[in-house]
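Participant: Build me a model:
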Amino acid sequence: MREDGASAPFANGFDEALAQFPTGYVEGSFEGQPWGATLRRSADGRRVWLFARALGRNDIVSFNLYRTTRGGGLLKPCEMSSAKVAAFVMGFKPAVK
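Facilitator: Residues are numbered from 1 along each chain as shown. Below is the predicted model of the structure:
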């Protein structure tokens, strides 16, 4: 993924990890720290929005993903790098209940 969030091939595993990410609010861990994350998907599946916050710390991850008609996607991180977004999506582990 490019740093400017422009359309680019997704990192290996990003799409698979995002597909497994639960819709709605979930708590879990990332890099050994507790996080809370909210993921929303549009009814047609073409838009994905995520906002996550480190619980007890001052760190966030936020992005919008727009799927194109050709099967690709446009990742738009919110004031952070695409690499940070990809690392979070692929590294977040939802808490087991």
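Participant: Share the number of residues neighbouring the residue nearest to R47 when sequence neighbours are not counted, please.
Facilitator: Nearest non-adjacent residue to R47, counting by CB to CB, 6 or more residues apart in numbering: Y66, 5.8 Å away. In this view, the C-beta of every residue, glycine as well, is placed from N, C-alpha and C. Y66 has 14 neighbours, counted by other CB atoms under 10 Å.
Participant: in which helix or strand would I find Y66?
Facilitator: strand 60-67 (DSSP states H and E).
Participant: Now tell me what touches that strand from outside.
Facilitator: 18, 37, 45-54, 73-80, 84-85, 88 (CB atoms under 8 Å, 6 or more residues apart in numbering).
Participant: of those residues, buried ones?
Facilitator: 18, 37, 48, 50, 52-53, 73, 75-77, 80, 84-85, 88 (16 or more other CB atoms under 10 Å).
Participant: Tell me the one of these nearest D59?
Facilitator: Of all these, D59 sits closest to R53, with 7.3 Å by CB to CB.
Participant: so how far is G72 from that closest one?
Facilitator: 29 Å (CB to CB, to the nearest Å).
Participant: do R57 as well
Facilitator: Distance from R57 to G72, by CB to CB: 34 Å.
Participant: No further questions, thank you.
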